[in-house]
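Enquirer: 3D model of this:
(chains A, B, C and D)
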There are 2 protein chains.
Amino acid sequence: MKKKERHQLLRKLVQQDVIRKQEDFVDKLHERGIEVTQATISRDIKELQLVKVPAQDGGYRYNLPPEMNYDISKKLSRLMRDAFVSIDTQREFVLIRTLPGNAFALGSLIETAKYSEMFGCVSGDDTVLIICRDEESAERFQRRIISFI
Amino acid sequence: MKKKERHQLLRKLVQQDVIRKQEDFVDKLHERGIEVTQATISRDIKELQLVKVPAQDGGYRYNLPPEMNYDISKKLSRLMRDAFVSIDTQREFVLIRTLPGNAFALGSLIETAKYSEMFGCVSGDDTVLIICRDEESAERFQRRIISFI
DNA sequence: AGGTCGTCAGTATATTTATACAGTTTATTC
DNA sequence: GAATAAACTGTATAAATATACTGACGACCT
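Expert: Model (predicted):
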(Lines give C-alpha, C1' and ligand atoms only; values in the text may rest on other atoms or scores of the structure.)
Protein backbone atom coordinates (compact mmCIF):
# COMPACT_ATOMS: atom_id res chain seq x y z
CA MET A 1 0.00 0.00 0.00
CA LYS A 2 1.59 3.17 -1.18
CA LYS A 3 0.95 6.58 0.24
CA LYS A 4 -0.81 7.72 -2.89
CA GLU A 5 -3.23 4.82 -2.79
CA ARG A 6 -3.89 5.38 0.86
CA HIS A 7 -4.64 9.01 0.19
CA GLN A 8 -7.10 7.99 -2.48
CA LEU A 9 -8.75 5.66 -0.06
CA LEU A 10 -8.93 8.24 2.69
CA ARG A 11 -10.66 10.66 0.35
CA LYS A 12 -13.16 7.99 -0.47
CA LEU A 13 -13.72 6.96 3.12
CA VAL A 14 -14.19 10.47 4.35
CA GLN A 15 -17.05 10.89 1.93
CA GLN A 16 -18.64 7.49 2.38
CA ASP A 17 -18.38 7.02 6.10
CA VAL A 18 -18.67 9.21 9.10
CA ILE A 19 -15.17 9.64 10.42
CA ARG A 20 -15.21 11.24 13.83
CA LYS A 21 -11.57 10.94 14.68
CA GLN A 22 -8.30 9.80 13.24
CA GLU A 23 -8.57 6.43 14.94
CA ASP A 24 -11.70 5.80 12.88
CA PHE A 25 -9.54 6.00 9.80
CA VAL A 26 -7.07 3.62 11.35
CA ASP A 27 -9.88 1.16 12.08
CA LYS A 28 -11.35 1.39 8.60
CA LEU A 29 -7.96 0.70 7.10
CA HIS A 30 -7.36 -2.19 9.44
CA GLU A 31 -10.68 -3.69 8.32
CA ARG A 32 -9.22 -3.69 4.85
CA GLY A 33 -6.06 -5.29 6.08
CA ILE A 34 -4.01 -2.14 5.79
CA GLU A 35 -1.71 -1.45 8.71
CA VAL A 36 -1.26 2.17 9.65
CA THR A 37 -0.97 4.16 12.81
CA GLN A 38 -2.67 7.31 13.95
CA ALA A 39 0.55 9.24 13.36
CA THR A 40 0.51 8.43 9.69
CA ILE A 41 -3.12 9.38 9.42
CA SER A 42 -2.38 12.68 11.09
CA ARG A 43 0.24 13.38 8.46
CA ASP A 44 -2.05 12.23 5.67
CA ILE A 45 -4.77 14.51 6.90
CA LYS A 46 -2.37 17.40 6.89
CA GLU A 47 -1.32 16.70 3.33
CA LEU A 48 -4.84 16.15 2.11
CA GLN A 49 -5.96 19.18 4.08
CA LEU A 50 -8.89 17.33 5.50
CA VAL A 51 -10.71 19.20 8.22
CA LYS A 52 -12.49 18.22 11.38
CA VAL A 53 -15.81 19.98 11.31
CA PRO A 54 -18.08 20.42 14.30
CA ALA A 55 -21.21 18.61 13.12
CA GLN A 56 -24.81 19.49 13.67
CA ASP A 57 -25.39 16.41 15.81
CA GLY A 58 -23.03 17.77 18.43
CA GLY A 59 -20.13 15.61 17.39
CA TYR A 60 -17.30 16.12 14.99
CA ARG A 61 -16.57 14.72 11.61
CA TYR A 62 -13.77 14.87 9.12
CA ASN A 63 -14.44 16.38 5.75
CA LEU A 64 -12.83 17.14 2.44
CA PRO A 65 -11.06 20.49 2.15
CA PRO A 66 -13.55 23.35 2.45
CA GLU A 67 -12.34 24.88 -0.75
CA MET A 68 -10.55 22.91 -3.30
CA ASN A 69 -7.94 25.60 -3.05
CA TYR A 70 -5.73 23.79 -5.40
CA ASP A 71 -8.49 23.75 -7.91
CA ILE A 72 -9.38 27.37 -7.35
CA SER A 73 -5.77 28.34 -7.84
CA LYS A 74 -5.64 26.43 -11.07
CA LYS A 75 -8.72 28.14 -12.35
CA LEU A 76 -7.48 31.51 -11.24
CA SER A 77 -4.21 30.91 -12.91
CA ARG A 78 -5.86 29.86 -16.16
CA LEU A 79 -8.24 32.76 -16.15
CA MET A 80 -5.45 35.21 -15.38
CA ARG A 81 -3.37 33.95 -18.25
CA ASP A 82 -6.37 34.13 -20.54
CA ALA A 83 -7.94 37.38 -19.60
CA PHE A 84 -5.52 39.53 -17.62
CA VAL A 85 -4.77 42.99 -18.98
CA SER A 86 -3.30 45.07 -16.19
CA ILE A 87 -3.12 45.55 -12.45
CA ASP A 88 -2.56 48.68 -10.42
CA THR A 89 -2.52 49.75 -6.81
CA GLN A 90 -3.57 52.99 -5.21
CA ARG A 91 -3.71 53.30 -1.46
CA GLU A 92 -5.64 50.24 -0.26
CA PHE A 93 -7.25 49.63 -3.62
CA VAL A 94 -6.22 47.19 -6.28
CA LEU A 95 -7.65 47.49 -9.74
CA ILE A 96 -7.44 44.63 -12.18
CA ARG A 97 -8.36 45.03 -15.81
CA THR A 98 -9.34 42.07 -17.91
CA LEU A 99 -10.58 41.40 -21.39
CA PRO A 100 -14.22 42.49 -21.68
CA GLY A 101 -16.69 40.09 -20.07
CA ASN A 102 -14.14 38.34 -17.88
CA ALA A 103 -14.00 40.51 -14.84
CA PHE A 104 -17.04 39.06 -13.19
CA ALA A 105 -15.71 35.55 -13.45
CA LEU A 106 -12.35 36.69 -12.09
CA GLY A 107 -14.00 38.53 -9.23
CA SER A 108 -16.01 35.47 -8.32
CA LEU A 109 -12.92 33.33 -8.18
CA ILE A 110 -11.05 35.88 -6.13
CA GLU A 111 -13.93 36.08 -3.70
CA THR A 112 -14.11 32.34 -3.41
CA ALA A 113 -10.42 32.20 -2.68
CA LYS A 114 -10.98 34.46 0.34
CA TYR A 115 -7.63 36.14 0.51
CA SER A 116 -6.93 37.49 3.93
CA GLU A 117 -5.67 40.81 2.56
CA MET A 118 -8.99 41.43 0.93
CA PHE A 119 -11.74 43.45 2.49
CA GLY A 120 -14.17 43.55 -0.38
CA CYS A 121 -14.43 43.06 -4.10
CA VAL A 122 -16.63 44.42 -6.89
CA SER A 123 -16.55 43.34 -10.49
CA GLY A 124 -17.69 45.10 -13.62
CA ASP A 125 -17.38 43.92 -17.17
CA ASP A 126 -13.65 44.37 -17.62
CA THR A 127 -12.61 45.60 -14.19
CA VAL A 128 -12.28 44.11 -10.76
CA LEU A 129 -11.82 46.45 -7.85
CA ILE A 130 -10.45 44.91 -4.70
CA ILE A 131 -10.51 46.86 -1.50
CA CYS A 132 -7.82 45.64 0.87
CA ARG A 133 -7.47 46.04 4.61
CA ASP A 134 -4.68 48.60 4.23
CA GLU A 135 -1.95 49.75 1.88
CA GLU A 136 0.41 47.01 2.83
CA SER A 137 -2.22 44.37 2.20
CA ALA A 138 -2.86 45.90 -1.18
CA GLU A 139 0.82 45.57 -2.09
CA ARG A 140 0.92 42.01 -0.92
CA PHE A 141 -2.29 41.18 -2.67
CA GLN A 142 -1.01 42.62 -5.91
CA ARG A 143 2.07 40.46 -5.69
CA ARG A 144 -0.06 37.40 -5.08
CA ILE A 145 -2.21 38.06 -8.09
CA ILE A 146 0.72 38.77 -10.36
CA SER A 147 2.27 35.48 -9.36
CA PHE A 148 -0.61 33.70 -11.07
CA ILE A 149 0.37 34.88 -14.49
CA MET B 1 -18.76 40.19 27.79
CA LYS B 2 -21.60 37.96 26.75
CA LYS B 3 -21.24 34.80 24.79
CA LYS B 4 -22.90 36.34 21.76
CA GLU B 5 -20.48 39.24 21.67
CA ARG B 6 -17.56 36.94 22.06
CA HIS B 7 -18.77 34.85 19.18
CA GLN B 8 -19.00 37.95 17.04
CA LEU B 9 -15.48 38.84 17.96
CA LEU B 10 -14.16 35.37 17.27
CA ARG B 11 -15.67 35.47 13.81
CA LYS B 12 -13.95 38.76 13.20
CA LEU B 13 -10.62 37.62 14.58
CA VAL B 14 -10.55 34.43 12.61
CA GLN B 15 -10.81 36.43 9.42
CA GLN B 16 -8.43 39.24 10.31
CA ASP B 17 -5.70 37.38 12.06
CA VAL B 18 -4.00 34.09 11.59
CA ILE B 19 -5.21 31.88 14.41
CA ARG B 20 -3.16 28.73 14.62
CA LYS B 21 -4.55 27.28 17.79
CA GLN B 22 -7.17 27.92 20.40
CA GLU B 23 -4.67 29.56 22.72
CA ASP B 24 -4.17 32.24 20.05
CA PHE B 25 -7.80 33.15 20.52
CA VAL B 26 -7.32 33.24 24.26
CA ASP B 27 -4.36 35.57 23.84
CA LYS B 28 -6.16 37.87 21.43
CA LEU B 29 -9.04 38.17 23.85
CA HIS B 30 -6.70 38.81 26.76
CA GLU B 31 -5.12 41.63 24.77
CA ARG B 32 -8.56 43.16 24.70
CA GLY B 33 -8.98 42.64 28.39
CA ILE B 34 -11.40 39.78 27.99
CA GLU B 35 -10.79 36.84 30.28
CA VAL B 36 -11.52 33.42 28.84
CA THR B 37 -9.98 30.00 28.97
CA GLN B 38 -9.15 27.53 26.27
CA ALA B 39 -12.07 25.38 27.33
CA THR B 40 -14.53 28.12 26.55
CA ILE B 41 -12.92 28.74 23.21
CA SER B 42 -13.18 25.07 22.41
CA ARG B 43 -16.90 25.23 23.05
CA ASP B 44 -17.27 28.44 21.09
CA ILE B 45 -15.48 26.88 18.17
CA LYS B 46 -17.83 23.96 18.29
CA GLU B 47 -20.86 26.20 18.28
CA LEU B 48 -19.54 28.45 15.56
CA GLN B 49 -18.39 25.41 13.65
CA LEU B 50 -15.02 26.92 13.00
CA VAL B 51 -12.53 24.54 11.49
CA LYS B 52 -8.81 24.02 11.79
CA VAL B 53 -7.49 23.80 8.28
CA PRO B 54 -4.07 22.47 7.36
CA ALA B 55 -2.53 25.51 5.66
CA GLN B 56 -0.28 25.69 2.65
CA ASP B 57 2.62 26.96 4.75
CA GLY B 58 2.76 23.67 6.61
CA GLY B 59 1.00 24.96 9.66
CA TYR B 60 -2.63 25.07 10.65
CA ARG B 61 -5.14 27.84 10.82
CA TYR B 62 -8.68 28.26 11.99
CA ASN B 63 -11.28 29.28 9.49
CA LEU B 64 -14.92 30.12 9.16
CA PRO B 65 -17.33 27.26 8.54
CA PRO B 66 -16.80 25.62 5.18
CA GLU B 67 -20.47 25.87 4.42
CA MET B 68 -21.32 29.50 4.37
CA ASN B 69 -24.20 28.00 2.48
CA TYR B 70 -26.17 31.12 2.89
CA ASP B 71 -23.40 33.09 1.28
CA ILE B 72 -22.83 30.58 -1.47
CA SER B 73 -26.49 30.67 -2.36
CA LYS B 74 -26.37 34.42 -2.57
CA LYS B 75 -23.41 34.33 -4.87
CA LEU B 76 -24.93 31.62 -6.99
CA SER B 77 -28.09 33.55 -7.28
CA ARG B 78 -26.25 36.69 -8.28
CA LEU B 79 -24.11 34.93 -10.80
CA MET B 80 -27.08 33.09 -12.27
CA ARG B 81 -29.03 36.29 -12.75
CA ASP B 82 -26.03 37.92 -14.36
CA ALA B 83 -24.63 35.21 -16.52
CA PHE B 84 -27.22 32.51 -17.08
CA VAL B 85 -28.13 31.75 -20.67
CA SER B 86 -29.78 28.36 -20.78
CA ILE B 87 -30.09 25.01 -19.09
CA ASP B 88 -30.89 21.61 -20.51
CA THR B 89 -31.11 18.03 -19.37
CA GLN B 90 -30.30 14.84 -21.19
CA ARG B 91 -30.24 11.55 -19.37
CA GLU B 92 -28.16 12.15 -16.25
CA PHE B 93 -26.43 15.19 -17.70
CA VAL B 94 -27.24 18.81 -17.12
CA LEU B 95 -25.76 21.44 -19.36
CA ILE B 96 -25.73 25.06 -18.35
CA ARG B 97 -24.75 27.80 -20.74
CA THR B 98 -23.55 31.14 -19.48
CA LEU B 99 -22.18 34.33 -20.89
CA PRO B 100 -18.61 33.77 -22.09
CA GLY B 101 -16.03 33.63 -19.30
CA ASN B 102 -18.49 32.93 -16.55
CA ALA B 103 -18.76 29.19 -16.61
CA PHE B 104 -15.66 28.64 -14.46
CA ALA B 105 -17.00 30.79 -11.73
CA LEU B 106 -20.41 29.15 -11.89
CA GLY B 107 -18.86 25.70 -11.89
CA SER B 108 -16.75 26.61 -8.89
CA LEU B 109 -19.74 27.77 -6.94
CA ILE B 110 -21.77 24.72 -7.86
CA GLU B 111 -18.95 22.46 -6.83
CA THR B 112 -18.51 24.29 -3.57
CA ALA B 113 -22.19 23.91 -2.86
CA LYS B 114 -21.79 20.13 -3.08
CA TYR B 115 -25.28 19.23 -4.20
CA SER B 116 -26.12 15.67 -3.42
CA GLU B 117 -27.59 15.05 -6.86
CA MET B 118 -24.28 15.88 -8.43
CA PHE B 119 -21.71 13.34 -9.34
CA GLY B 120 -19.22 15.53 -11.14
CA CYS B 121 -18.84 18.88 -12.81
CA VAL B 122 -16.66 20.32 -15.56
CA SER B 123 -16.55 23.91 -16.67
CA GLY B 124 -15.49 25.42 -19.94
CA ASP B 125 -15.65 29.04 -20.90
CA ASP B 126 -19.38 29.38 -21.33
CA THR B 127 -20.57 25.91 -20.44
CA VAL B 128 -20.88 23.91 -17.28
CA LEU B 129 -21.58 20.23 -17.59
CA ILE B 130 -22.93 18.54 -14.50
CA ILE B 131 -23.08 14.80 -14.33
CA CYS B 132 -25.73 13.67 -11.90
CA ARG B 133 -26.17 10.37 -10.13
CA ASP B 134 -29.11 9.42 -12.32
CA GLU B 135 -31.85 10.86 -14.49
CA GLU B 136 -34.08 11.71 -11.59
CA SER B 137 -31.27 13.56 -9.85
CA ALA B 138 -30.65 15.48 -13.03
CA GLU B 139 -34.27 16.62 -13.14
CA ARG B 140 -34.19 17.64 -9.53
CA PHE B 141 -30.90 19.40 -9.95
CA GLN B 142 -32.17 21.34 -12.90
CA ARG B 143 -35.15 22.53 -10.88
CA ARG B 144 -32.83 23.62 -8.09
CA ILE B 145 -30.66 25.63 -10.40
CA ILE B 146 -33.57 27.26 -12.16
CA SER B 147 -34.91 28.37 -8.80
CA PHE B 148 -31.91 30.64 -8.40
CA ILE B 149 -32.90 32.89 -11.22
C1' DA C 1 -37.46 34.77 50.38
C1' DG C 2 -36.56 30.10 48.86
C1' DG C 3 -36.71 26.72 45.16
C1' DT C 4 -36.06 25.03 40.48
C1' DC C 5 -34.47 25.25 35.94
C1' DG C 6 -31.35 26.56 32.39
C1' DT C 7 -27.18 28.73 30.66
C1' DC C 8 -22.55 29.46 31.03
C1' DA C 9 -17.66 29.29 32.23
C1' DG C 10 -13.57 27.55 34.88
C1' DT C 11 -10.77 23.65 36.61
C1' DA C 12 -8.97 19.48 35.99
C1' DT C 13 -8.44 15.89 33.17
C1' DA C 14 -9.29 12.60 29.39
C1' DT C 15 -9.02 12.35 24.65
C1' DT C 16 -7.30 13.45 20.43
C1' DT C 17 -3.87 15.14 17.39
C1' DA C 18 0.87 16.64 16.01
C1' DT C 19 5.63 15.86 15.87
C1' DA C 20 10.74 14.80 17.24
C1' DC C 21 13.39 11.15 16.64
C1' DA C 22 15.07 6.98 14.75
C1' DG C 23 14.81 3.17 11.66
C1' DT C 24 13.55 1.46 7.02
C1' DT C 25 12.72 1.61 2.45
C1' DT C 26 13.20 3.70 -2.11
C1' DA C 27 15.31 6.64 -5.41
C1' DT C 28 19.57 8.87 -7.22
C1' DT C 29 24.29 9.50 -8.22
C1' DC C 30 28.83 8.08 -8.63
C1' DG D 1 27.43 -2.18 -6.89
C1' DA D 2 28.31 1.33 -2.99
C1' DA D 3 27.30 5.73 -1.22
C1' DT D 4 24.13 9.30 -0.42
C1' DA D 5 20.04 11.46 -0.24
C1' DA D 6 15.07 11.66 0.02
C1' DA D 7 10.66 9.87 1.31
C1' DC D 8 8.06 7.40 4.46
C1' DT D 9 6.51 5.27 8.79
C1' DG D 10 6.21 3.72 13.70
C1' DT D 11 7.15 4.75 18.55
C1' DA D 12 6.92 7.64 22.10
C1' DT D 13 5.60 11.78 23.64
C1' DA D 14 4.46 16.66 23.47
C1' DA D 15 0.93 19.67 22.30
C1' DA D 16 -3.62 20.79 21.46
C1' DT D 17 -8.40 20.06 22.07
C1' DA D 18 -12.75 18.27 24.17
C1' DT D 19 -15.42 17.39 28.05
C1' DA D 20 -17.09 15.73 32.93
C1' DC D 21 -17.90 17.95 36.73
C1' DT D 22 -18.93 21.84 39.56
C1' DG D 23 -20.25 26.22 40.98
C1' DA D 24 -22.04 30.83 39.73
C1' DC D 25 -25.55 33.60 37.95
C1' DG D 26 -30.02 34.96 36.30
C1' DA D 27 -35.05 34.11 35.04
C1' DC D 28 -39.15 32.65 36.60
C1' DC D 29 -42.03 30.72 39.61
C1' DT D 30 -44.80 29.84 44.29
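
Enquirer: ok, and does the helix or strand where A:R11 lies reach over to DNA strand D?
Expert: Using DSSP states H and E, A:R11 maps to helix A:3-16. Yes - using CB under 7 Å from any atom of the strand, we find that helix A:3-16 touches DNA strand D at A:3, A:6. C-beta: built from backbone N, CA, C; applies to glycine.

Enquirer: same for the lowest-mean-pLDDT helix or strand in chain A, what does it pack against?
Expert: Lowest mean confidence among the helices and strands of chain A (mean pLDDT, DSSP states H and E): helix A:69-83, at a mean of 72. Helix A:69-83 sits against helix A:103-113, helix B:103-113, with contacts defined as 3 or more CB pairs under 8 Å, 6 or more residues apart in numbering or on different chains; DSSP states H and E.

Enquirer: I'd like those laid out as JSON lines, including mean neighbour count, mean pLDDT and distance to A:C132.
Expert: Formatted as JSON lines, the helices and strands packed on helix A:69-83 follow (neighbours: other CB atoms under 10 Å in any protein chain shown; pLDDT from 0 to 100; distance: least, CB to CB, whole Å):
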{"stretch": "helix A:103-113", "mean neighbour count": "23", "mean pLDDT": "79", "distance to A:C132": "12"}
{"stretch": "helix B:103-113", "mean neighbour count": "23", "mean pLDDT": "78", "distance to A:C132": "21"}
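
Enquirer: can you put those helices in CSV and add distance to DNA strand D?
Expert: Below are the helices and strands packed on helix A:69-83 laid out as CSV (distance: least, CB to the nearest atom of the strand, whole Å):
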stretch, distance to DNA strand D
helix A:103-113, 23
helix B:103-113, 23
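
Enquirer: distance to A:V122 for those helices - can I get that in CSV?
Expert: What follows is the helices and strands packed on helix A:69-83, written out as CSV (distance: least, CB to CB, whole Å):
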stretch, distance to A:V122
helix A:103-113, 7
helix B:103-113, 14
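
Enquirer: against A:M1, how distant is the residue sitting furthest away from the middle of chain A?
Expert: When distances are taken from the C-alpha mean of chain A, A:G33 lies farthest, 32.6 Å away, according to CA atoms, centre = their mean. Between A:G33 and A:M1 the computed distance is 9 Å (CB to CB, to the nearest Å).

Enquirer: returning to that earlier point: what's the per-residue pLDDT of the residue farthest from the centre of chain A here?
Expert: For A:G33, the model assigns a pLDDT of 89.

Enquirer: that one is in what secondary structure piece?
Expert: Using DSSP H and E, no helix or strand contains A:G33.

Enquirer: cool, A:R143 as well?
Expert: Going by DSSP H and E, A:R143 is part of helix A:135-146.

Enquirer: now do that helix: distance to the chain's middle.
Expert: 18 Å (CA atoms, centre = their mean, to the nearest Å).

Enquirer: what sits up against that helix?
Expert: By CB atoms under 8 Å, 6 or more residues apart in numbering or on different chains, the surrounding residues in contact with helix A:135-146 are A:80, A:87, A:89, A:91-94, A:96, A:110, A:115, A:117-119, A:130, A:132.

Enquirer: what do you get for stretch A:31-50?
Expert: Here stretch A:31-50 makes contact (CB under 8 Å, 6+ apart) with A:1, A:3, A:6-7, A:9-11, A:14, A:22-23, A:25-26, A:29, A:62-65, A:69, B:53-54.

Enquirer: what's the domain layout of chain A?
Expert: As assigned by automatic domain parsing, chain A contains the domains A:3-63, A:69-146.

Enquirer: quick one, what contacts A:G124?
Expert: By CB under 8 Å, 6+ apart, the contact set of A:G124 is A:103-104.

Enquirer: still on that earlier bit, ok, which of the contacts of stretch A:31-50 also contact DNA strand C?
Expert: Okay, of the contacts of stretch A:31-50 touching DNA strand C (CB under 7 Å from any atom of the strand), that's A:22-23, B:54.

Enquirer: can you flag the buried ones in the contacts of stretch A:31-50?
Expert: A:6, A:9-10, A:14, A:22, A:25-26, A:29, A:62-65, A:69, B:53-54 (16 or more other CB atoms under 10 Å in any protein chain shown).

Enquirer: list just the nearest of those to DNA strand C.
Expert: A:Q22 (3.5 Å; CB to the nearest atom of the strand).

Enquirer: now do the SS call for the nearest residue to that closest one once chain neighbours are set aside.
Expert: Nearest non-adjacent residue to A:Q22, counting by CB to CB, 6 or more residues apart in numbering or on different chains: A:I41, 4.6 Å away. Classification of A:I41 by DSSP: H, G, I helix; E, B strand; the rest coil places it in helix.
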